[in-house]
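Student: when you get a sec, could you give me coordinates for this:
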Amino acid sequence: MSLNTALQRHGNTRTFNFICLEELEKTDWTNRGWSMRRLVIVASLSLWTLVLAAQEVQPRDVTSMQNTPVYRVNVVARSVQAVNYRHRNGSTRVDFRGTSLMPDGGGEAKVDSKAGRLEITAEFQNVRNANYYGPEYLTYVLWAITPEGRPVNLGEVIPNEKHEVRTRVTANLQAFGMIVTAEPYFAVTRPSNMTVLENEIRKDTKGWEQPVSAKYEATEKGEYTVDLASDQLPASRLDREEARRVPLTLLEARNAVAIAKATGAQEFAPEALARAQDSLDRGEDYLKRKQSSSSIGTVARGAAQAAEDARILTIRRKADAEVAARQKAAEEQTRAAQQQSVIEQGRAQDAREQTLRAQQERQAAEQAKAEAIQARQQAEAARQAALTQQQALAAQTQTAQAQAQTAEQRARAAEQEKEQMRERLMTQLNQVLQTRDTARGLIVNMSDVLFDLNQATLKPGARVRLAKVAGIIQAYPDLKLQIEGYTDSTGTLEHNQELSERRAAAVRDFLTAQGVSPNNVSAQGLGPANPVASNSTAQGRQMNRRVDLVVNGESIAARQRVPANQEANPGAMGSPSPTTSEPRQPEQR
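Tutor: Numbering: from 1, shown residues only. Below you'll find the predicted structure:
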């Protein structure tokens with residue numbers, strides 16, 4: 001007698017628990033082939049389950065499936081039929097047919113409906129060895145698929161030397177379809193897409209009419225060997241003679257533990273992996289001491305179950321860690337944006353206060369000057385009445401000069417304000433992307449590392465920066481943007497021209513989507529024209545692959561003077577140079 005495994009299934013309102021006890025009777029394998037197996041299943045249900053079962057509405061009488069619709073459960077690229085077996089209403093039969101993966105396979109199953117459970121006795125023929133479909137596959141599993149798409153592992157299916165299978169299992173389901181899939185070990189929790197057998201409803205199959213359509217997810221081939229090549233699995237490294245000396249259950253356990261380790265269970269599920277490794281070590285010790293197959297199978301199946309638990313737990317915890325990391329990054333980005341917003345608001349407030357003080361000072365100066373002129377005129381009129389006309393003319397002359405001086409001061413102030421606005425705009429843009437001041441206007445440089453490789457798709461980091469640029473530009477409504485796309489000289493001229501045009505258009509479309517007026521934005525691709533560095537070096541080519549935003553407008557005046565070193569070295573100010581901002585692969589070589 002050996003303890004096989006404890007299976008637990010959780011529903012929305014009730015829990016089913018059952019324990020399968022397996023008694024194996026072994027004879028000489030070399031003379032009689034695979035042993036006969038007698039499976040006794042004792043099902044125990046909770047009191048809540050019995051109450052709900054008693055409250056269910058009794059269906060109509062059993063009818064032949066010849067005239068009764070059945071479920072249709074969609075299985076990836078095919079569909080498998082399912083039926084609602086009547087509660088405690090005798091037995092019925094369904095056929096099994098091989099899929100395109102095993103066209104010669106077939107069989108049938110007898111379904112006995114009893115109190116609280118269904119007993120299924122299945123027989124299959126022409127079942128190939130599982131590793132025919134890949135070295136990672138060692139066994140088969142019989143599945144029940146509910147109309148809602150939930151798969152239930154009914155048990156392992158092991159063919160004998162004649163490629164035949166006879167197995168008996170139980171299910172606490174009412175409506176389901178059945179399939180057989182190739183798996184790396186028996187304890188998997190989701191079927192693979194290597195479906196080799198599907199049930200087929202016969203005309204005399206009995207069931208209750210209730211058509212339903214559903215889908216379920218299957219594990220893609222290679223999922224278990226994403227982190228570990230299939231030829232590196234322990235079972236794959238054995239020759240045929242060595243594999244024959246090792247029980248199949250122990251081979252499954254070795255592979256299951258190796259897959260769990262490759263997935264990262266040492267870090268994310270160490271306790272479950274330790275239990276699996278301990279059971280596997282005990283199985284290896286039993287094999288060395290030539291213990292019974294039953295003893296080896298017990299600990300080996302326990303190791304496979306614990307390894308699958310560790311693998312599933314690792315996948316979930318990895319996903320949770322990734323979600324937490326993304327959430328943390330988003331929070332940090334939000335905090336940085338909020339801090340930048342506070343800084344910008346402070347600068348805007350300072351600018352408004354400075355403007356207000358300047359206006360007040362001008363008004364006070366003008367008022368004081370007018371009062372002084374008036375005082376002089378009154379004093380002169382009191383002293384010399386005869387010279388009133390001459391003094392009045394002098395006063396008018398002085399007033400005109402004062403007005404001209406005031407107008408000149410205002411003109412200079414306006415020019416200074418434009419220069420200040422230009423410098424402020426350049427400072428704001430430099431905080432987002434590299435910006436330089438030229439005779440053409442302010443040129444904002446976007447290196448090609450902000451795009452996907454050889455594509456015009458903006459990376460997330462580029463979108464964040466361009467969103468900030470859009471916010472800055474919208475604060476100056478009269479600004480005009482000329483977007484120019486450039487490439488290096490590698491590749492054909494047609495390809496470079498088309499790529500530069502698409503990248504310039506992508507930037508233009510993103511800015512307009514962020515609220516920048518389409519009337520103020522234009523885009524053009526210039527290909528390899530106007531290089532800023534030599535195309536003979538990788539660094540020079542990377543500098544030439546860029547998108548420039550040329551910013552002009554009345555509110556920022558025309559460029560008067562730019563330091564010589566700034567024109568000669570565009571990367572000397574603003575953001576870090578494109579060669580250090582992000583890792584990048586060459587587009588063409």
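Student: now do stretch 262-274: distance from first to last residue.
Tutor: Here the two ends of stretch 262-274 are set 14 Å apart, with distance taken as Cα to Cα, to the nearest Å.
Student: starting at the chain centroid, how far to that stretch?
Tutor: 23 Å (Cα atoms, centre = their mean, to the nearest Å).
Student: equivalent analysis for stretch 355-375, please.
Tutor: Offset of stretch 355-375 from its chain centre (Cα atoms, centre = their mean): 65 Å.
Student: and that stretch, average pLDDT?
Tutor: Across stretch 355-375, the average pLDDT comes to 92.
Student: just the CA coordinates for it, please, in PDB.
Tutor: Output in PDB follows, covering the C-alpha atoms of stretch 355-375 (Å, rounded to 0.1, in the frame of the first residue of the first chain):
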ATOM      1  CA  THR A 355       7.600  91.700 -13.500                       C
ATOM      2  CA  LEU A 356       5.200  93.300 -11.000                       C
ATOM      3  CA  ARG A 357       8.100  95.100  -9.100                       C
ATOM      4  CA  ALA A 358       9.500  96.400 -12.400                       C
ATOM      5  CA  GLN A 359       6.200  97.800 -13.400                       C
ATOM      6  CA  GLN A 360       5.700  99.500 -10.000                       C
ATOM      7  CA  GLU A 361       9.200 101.000 -10.100                       C
ATOM      8  CA  ARG A 362       8.600 102.400 -13.600                       C
ATOM      9  CA  GLN A 363       5.300 103.900 -12.600                       C
ATOM     10  CA  ALA A 364       6.900 105.500  -9.500                       C
ATOM     11  CA  ALA A 365       9.800 106.900 -11.500                       C
ATOM     12  CA  GLU A 366       7.400 108.400 -14.100                       C
ATOM     13  CA  GLN A 367       5.200 109.900 -11.400                       C
ATOM     14  CA  ALA A 368       8.200 111.500  -9.600                       C
ATOM     15  CA  LYS A 369       9.500 112.900 -12.800                       C
ATOM     16  CA  ALA A 370       6.100 114.400 -13.700                       C
ATOM     17  CA  GLU A 371       5.800 116.000 -10.300                       C
ATOM     18  CA  ALA A 372       9.300 117.500 -10.600                       C
ATOM     19  CA  ILE A 373       8.500 119.000 -13.900                       C
ATOM     20  CA  GLN A 374       5.300 120.400 -12.600                       C
ATOM     21  CA  ALA A 375       7.100 121.900  -9.600                       C
END
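Student: give me the contact list for it.
Tutor: Applying Cβ atoms under 8 Å, 6 or more residues apart in numbering, the contact partners of stretch 355-375 are 395, 398-399, 402, 406, 409, 413. C-beta here means a position set from N, CA and C on the backbone, and glycine is covered the same way.
Student: can you pull out the low-pLDDT segments for the stretch 451-589 of the chain?
Tutor: Scanning the stretch 451-589 of the chain for pLDDT under 70 picks out the ranges 557-589.
Student: before we move on, back to that, now, among the contacts of stretch 355-375, which is nearest to S522?
Tutor: Top of the list for closeness to S522, among those and by Cβ to Cβ, is A413 at 32.4 Å.
Student: can you give me the helices for the stretch 401-550 of the chain?
Tutor: Under the criterion DSSP state H, counting those that start in this stretch, the stretch 401-550 of the chain contains helices at 460-474, 493-513, 538-544.
Student: sorry, that was for the stretch 101-250 of the chain
Tutor: Ranges of helices in the stretch 101-250 of the chain, per DSSP H, counting those that start in this stretch, are 240-245, 248-263.
Student: mind pulling up the phi and psi values for the closest residue in space to L493 that isn't next to it in sequence?
Tutor: Among residues not flanking L493 along the chain, G527 sits closest, at 6.2 Å (Cβ to Cβ, 6 or more residues apart in numbering). G527 adopts backbone torsions of phi 60, psi -140, taken as degrees, to the nearest 10.
Student: now G527: how far from G491?
Tutor: Distance of G527 to G491, given as Cβ to Cβ, to the nearest Å: 10 Å.
Student: show me where pLDDT drops low in this protein?
Tutor: 1-80, 86-89, 206-227, 448, 557-589.
Student: can you tell me which of the contacts of stretch 355-375 are buried?
Tutor: By neighbour count, with 16 or more other Cβ atoms under 10 Å, the contacts of stretch 355-375 hold A395 as buried.
Student: can you list the contacts of stretch 355-375 in TSV and add distance to P518?
Tutor: Rendered in TSV, the data for those read as follows (distance: Cβ to Cβ, whole Å):
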residue	distance to P518
A395	56
Q398	53
T399	49
A402	47
T406	41
Q409	39
A413	34
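Student: and the contacts of stretch 355-375, which two are furthest apart?
Tutor: In terms of Cβ to Cβ, those reach their longest pairwise distance at A395 and A413, which sit 26.2 Å apart.
Student: circling back: any idea which of the helices of the stretch 101-250 of the chain gets closest to H163?
Tutor: Comparing the helices of the stretch 101-250 of the chain by Cβ to Cβ, helix 248-263 comes nearest, at 14.7 Å.
Student: so what touches the closest one?
Tutor: For helix 248-263, contacts defined as Cβ under 8 Å, 6+ apart pick out 136, 138-139, 158, 184-187, 224-225, 227-228, 232-235, 238, 243, 269, 273, 276-277, 279-280, 283-284, 287, 296-297, 300-301, 303-304, 307-308, 310-311, 314-315.
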